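Peer 1: Compute the structure for the input listed below.
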Amino acid sequence: MGVKKYLRKIKEGPISLVRKFKVFFTQEYFRNAILLWLLILSFLVNLTNVVSLVTLVKPVDFPIILHYNVYFGVDVLDSWEKVYIMPLIGFFLFIVNTLLGIYFYKQKERIASHVLAIANLMVQLSLLVASVGIILINY
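Peer 2: Residues are numbered from 1 along each chain as shown. Modelled structure (predicted):
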């Protein structure tokens, strides 16, 4: 009898997950055109950041320049894998800002959710500029 219940839970699991996704994305927050476009643009900028780094950064045996300062010159050298931390941080901030925006939108704080969405796009664009700088300096 225990096996049948287990198999039934397995069959119902993905359906309930799909249902949860549908409920999540049908919230009023995602019906706002401005917020939706800001989220889409932020995600696309982060995706562009990841794709550009994956295609243009090549594995090397020596350390690469990760940060350059006009006043002091090169101040951070490390392995080539460390460049992927920036898009990871960008994705984390995208998730946090989106969840906070949804929370504030539910609390009727529309301006706060719009500010978070705009800040999200600005952070993603800043990380893209930093990634392009790393690519231009090293390659």
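
Peer 1: low-confidence ranges in the chain?
Peer 2: 1-2, 6-18 (pLDDT under 70).

Peer 1: what sits against the residue positioned nearest the centre of it?
Peer 2: Computing the C-alpha centroid of the chain and ranking residues by CA atoms, centre = their mean puts residue 91 first, at 2.0 Å. Taking CB atoms under 8 Å, 6 or more residues apart in numbering as the criterion, residue 91 is in contact with residue 46. Glycine gets a C-beta too; all of them are placed from N, C-alpha and C.

Peer 1: Numbering from 32 from now on, please.
Peer 2: Fine by me, first position is 32 from now on; the one you just mentioned is residue 122.

Peer 1: just to confirm, which helix or strand has it in it?
Peer 2: Residue 122 is part of helix 116-137 when elements are defined by DSSP states H and E.

Peer 1: Dump that helix to PDB, keeping only the CA atoms.
Peer 2: The C-alpha trace of helix 116-137 is given here as PDB (Å, rounded to 0.1, in the frame of the first residue of the first chain):
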ATOM      1  CA  ILE A 116      31.100  35.500 -10.200                       C
ATOM      2  CA  MET A 117      29.700  38.800 -11.600                       C
ATOM      3  CA  PRO A 118      26.800  37.300 -13.600                       C
ATOM      4  CA  LEU A 119      26.100  35.000 -10.600                       C
ATOM      5  CA  ILE A 120      25.900  38.000  -8.300                       C
ATOM      6  CA  GLY A 121      23.700  39.700 -10.900                       C
ATOM      7  CA  PHE A 122      21.300  36.800 -11.100                       C
ATOM      8  CA  PHE A 123      21.100  36.700  -7.300                       C
ATOM      9  CA  LEU A 124      20.300  40.400  -7.100                       C
ATOM     10  CA  PHE A 125      17.800  39.900  -9.900                       C
ATOM     11  CA  ILE A 126      16.000  37.300  -7.900                       C
ATOM     12  CA  VAL A 127      16.100  39.300  -4.600                       C
ATOM     13  CA  ASN A 128      14.900  42.500  -6.300                       C
ATOM     14  CA  THR A 129      12.100  40.700  -8.100                       C
ATOM     15  CA  LEU A 130      10.900  39.000  -4.900                       C
ATOM     16  CA  LEU A 131      11.100  42.200  -3.000                       C
ATOM     17  CA  GLY A 132       9.200  44.000  -5.800                       C
ATOM     18  CA  ILE A 133       6.500  41.400  -5.700                       C
ATOM     19  CA  TYR A 134       6.200  41.800  -1.900                       C
ATOM     20  CA  PHE A 135       6.000  45.600  -2.100                       C
ATOM     21  CA  TYR A 136       3.500  45.400  -5.000                       C
ATOM     22  CA  LYS A 137       1.200  43.200  -2.900                       C
END
